[in-house]
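This is a predicted model, with the sequence first.
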Amino acid sequence: MTEWDTLRVPHDLMDELEKFLESSVAKKTGFTSKTQATTTAMREFLQKYSKRFEHVNTYEDKVRILDNNIGKRGDIVTVQFKGKIAFCDYCESNNCIHVKYCWEIPQVAEVLKKRGLKLLD
């Protein structure tokens, strides 16, 4: 069961939303309710302005990253280092956004360079 919370919205903004829901644009995009429209808008806002990745930890042979865009509340992605190749278990790739993020973490990038790994283009 989903838990709900109450949010207060200015009347003029709610009036605009109600007008939008009556428009052909809303019908074409599938928006049918205020709840649906505001939930979608809030999710898009959070994806745009929230931090997508968080470095969880580093081990001898892997880095674990929280990707807040996976699932409802984010999920942990593991990037493993096999020989001279970094490999993302989630994307099943050695050149995805998670592998690239590993290189943005200064302490991880330093270790990767020392091990002779290079970021693929």
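Arrived safely, thanks for sending. Numbers count the residues shown, from 1 in each chain.

Would you mind listing the buried residues in stretch 112-121?
Counting neighbours by 16 or more other CB atoms under 10 Å, one finds that the buried residues in stretch 112-121 are 112, 117. Yep, even glycine has a C-beta here, placed from its N, CA and C like the rest.

Then stretch 26-41?
Within stretch 26-41, the residues that qualify as buried are 26, 31, 37-38, counting by 16+ other CB under 10 Å.

So which residue is dead centre in the protein?
Central residue of the chain (CA atoms, centre = their mean): residue 69, 2.2 Å from the mean position.

re the thing from before, check the buried residues of stretch 26-41 and tell me the two furthest apart.
By the measure CB to CB, 26 and 38 form the most distant pair in the buried residues of stretch 26-41, at 12.8 Å.

and the residue nearest to the residue nearest to the centre of the chain when sequence neighbours are not counted, what does it touch?
Spatially, and ignoring its direct neighbours in sequence, residue 69 is nearest to residue 52 (5.6 Å; CB to CB, 6 or more residues apart in numbering). Going by CB atoms under 8 Å, 6 or more residues apart in numbering, residue 52 touches 67-69.

Tell me the one among those residues nearest to residue 82.
For these, the residue nearest residue 82 by CB to CB is residue 67; the value is 20.5 Å.

Residue 40 touches residue 31, doesn't it?
Yes. Using CB atoms under 8 Å, residue 40 is in contact with residue 31, at 7.4 Å.

still on that earlier bit, would it be right to say that the residue nearest to the centre of the chain lies in a strand?
No. Using DSSP: H, G, I helix; E, B strand; the rest coil, the assignment for residue 69 is coil, not a strand.
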